[in-house]
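**Student:** Requesting a structural model of the entry that follows:
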Amino acid sequence: MEKVHFANWQRHPDSLEVTMTTIKYFVGVDIASATFTASVGATPWKVILKAHTFENTGDGYQAFLDWLANQQIGAKESVVCMEATGVYSEGLAYFLFAAGYPVAVQSPLEVKRTFKPYGPKTDAVDSLQIAEYACRHIDKLSFWQPRNEILEQVKALLATREQFVSQNVAHKNALQAIQRKPVRTLFAEQAHAQMIEQFKKQIQAIDHEIRRLIESDPTFKEMLSLLLSVPGVGLLLASHMILLTQISLDHKELASYLGIAPNEHSSGTSVFRHATSRHFGPAAVRKLLYLASCSVRTHPAQFTSYFARKTKEGKPAKLLLNNIANKLIKIICAVLLTKKAFIKNYHSVQPWTFQNTLTGS
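**Tutor:** Predicted coordinates for the structure are as follows:
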């Protein structure tokens with residue numbers, strides 16, 4: 001497959017911001033590993049162009065662009081919508097963004113829920129449904145922007161590190177199992193031990209490279225310094241949060257995205273449960289937040305006293321750790337918004353308290 005480089009790509013200078021009044025055409029794209037299929041509709045909804053399939057390569061991207069141009073479907077009056085399919089969709093998204101086309105990347109589940117779960121299931125049908133979804137839900141579309149090149153590399157390194165850690169744990173478990181056998185197999189034990197040592201070195205090298213990349217940019221370096229001042233936050237959690245805060249700095253939005261925000265569960269007068277988190281979202285960040293919560297509950301005074309007080313009241317530890325994780329998210333967003341490091345013994349003073357102190361003295 002042809003390899004396409006995107007490092008120096010930028011949006012075409014003639015591109016315009018997306019507005020509902022200028023959009024006439026909705027291009028739905030269903031992407032697979034080797035090919036992608038596109039259909040086009042217009043508002044009010046009707047099919048303009050039936051499905052056409054292209055190669056998922058650089059040449060296929062250009063053929064797709066020529067196909068749109070031949071039908072006079074320009075960047076200023078159209079939206080290209082595709083489902084989030086990871087690396088399969090990234091190449092086309094970069095290409096279209098550079099050509100000036102607004103690109104919307106939606107969750108496959110959102111698109112699927114819009115349509116009835118029966119009927120034919122083909123690439124052509126899927127691309128047409130994606131186009132219709134974009135037309136009917138233009139106000140809900142999430143428009144794609146290419147991530148900073150440094151952050152793309154950090155994201156790839158974090159994913160690689162997570163894979164190496166999992167594989168390292170598997171080798172450790174296998175080594176322990178072999179060592180417990182009545183008949184020892186030294187060659188197998190040595191093979192596992194060597195792999196464990198190699199993974200350990202690679203993980204350390206990845207950590208060093210993540211820090212080097214972040215500190216190579218002044219803005220990200222400052223963010224890292226601020227985040228490391230927060231109790232319980234280390235390099236890994238800070239790196240993940242730098243990626244997440246490119247989406248939003250609203251602590252409620254981030255908590256909801258990570259699946260740790262308590263949500264009400266009630267219906268009518270007979271169904272009621274205590275608010276609970278849904279535990280969706282990126283598991284790696286949620287795990288790091290959990291570990292950070294376990295750490296800070298025994299160190300900083302404000303977290304230690306909170307955990308002890310609520311435990312005495314009979315609150316379950318799992319709930320308290322989730323609350324601490326939400327508090328950490330709030331602190332993280334605060335230090336990044338204010339650009340001030342975490343103050344260990346800081347206490348918020350309400351204006352009315354300060355006024356009472358002055359009048360009473």
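**Student:** show me where pLDDT drops low in the stretch 51-200 of the chain?
**Tutor:** Low-confidence segments of the stretch 51-200 of the chain, defined by pLDDT under 70: 118-119.
**Student:** which stretches of it form helices?
**Tutor:** Using DSSP state H, counting those that start in this stretch, the helices of the stretch 51-200 of the chain run over 58-70, 87-98, 108-114, 123-136, 149-179, 186-215.
**Student:** Comparing those, which comes out most buried?
**Tutor:** Counting by mean count of other CB atoms under 10 Å, helix 123-136 has the highest mean neighbour count of the helices of the stretch 51-200 of the chain, with a mean of 22. (C-beta placed from N, C-alpha, C; glycine too.)
**Student:** Using CSV, write out the CA atom coordinates for it.
**Tutor:** Provided in CSV are the C-alpha atoms of helix 123-136 (Å, rounded to 0.1, in the frame of the first residue of the first chain):
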residue,chain,number,x,y,z
ASP,A,123,-20.7,-0.6,2.4
ALA,A,124,-23.0,1.3,0.0
VAL,A,125,-25.9,1.3,2.5
ASP,A,126,-23.6,2.3,5.4
SER,A,127,-22.1,5.3,3.5
LEU,A,128,-25.6,6.5,2.6
GLN,A,129,-26.7,6.2,6.2
ILE,A,130,-23.7,8.2,7.3
ALA,A,131,-24.5,10.9,4.8
GLU,A,132,-28.1,11.0,5.9
TYR,A,133,-27.0,11.1,9.6
ALA,A,134,-24.8,14.2,8.8
CYS,A,135,-27.7,15.9,7.1
ARG,A,136,-30.2,15.4,9.9
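**Student:** one step back: tabulate the helices of the stretch 51-200 of the chain in a markdown table, adding columns for distance to residue 38.
**Tutor:** Output for the helices of the stretch 51-200 of the chain, formatted as a markdown table (distance: least, CB to CB, whole Å):
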| stretch | distance to residue 38 |
| --- | --- |
| helix 58-70 | 6 |
| helix 87-98 | 10 |
| helix 108-114 | 15 |
| helix 123-136 | 6 |
| helix 149-179 | 25 |
| helix 186-215 | 35 |
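**Student:** Wait, residue 40 touches residue 25, no?
**Tutor:** Yes. Proximity of residue 40 to residue 25 meets the contact threshold set by CB atoms under 8 Å, at 5.7 Å.
**Student:** got any residues that touch both of these two?
**Tutor:** 48, 73, 78 (CB atoms under 8 Å, 6 or more residues apart in numbering).
**Student:** Can you spell out the domain ranges of the chain, please?
**Tutor:** In terms of domains, the chain is parsed into 25-140, 149-216, 235-338 (source: automatic domain parsing).
**Student:** Any idea which of those gets closest to residue 228?
**Tutor:** Among these, the nearest to residue 228 by CB to CB is domain 235-338 (5.8 Å).
**Student:** Nearest to residue 252, out of the helices of the stretch 51-200 of the chain?
**Tutor:** Across the helices of the stretch 51-200 of the chain, the minimum distance to residue 252, taken as CB to CB, is reached by helix 108-114, at 20.5 Å.
**Student:** helices or strands up against the closest one?
**Tutor:** Helices and strands touching helix 108-114, by 3 or more CB pairs under 8 Å, 6 or more residues apart in numbering; DSSP states H and E, are helix 123-136.
**Student:** got a pLDDT number for residue 286?
**Tutor:** On pLDDT, residue 286 comes in at 91.
**Student:** That one - nearest residue in space that isn't next to it in sequence?
**Tutor:** Closest residue to residue 286 apart from its sequence neighbours, by CB to CB, 6 or more residues apart in numbering: residue 258 at 5.5 Å.
**Student:** so that neighbour sits right up against residue 290, yeah?
**Tutor:** No. In this structure residue 258 lies outside contact range of residue 290 using CB under 8 Å: 10.6 Å.
**Student:** More neighbours: the two, which one.
**Tutor:** residue 258 (23 against 16; other CB atoms under 10 Å).
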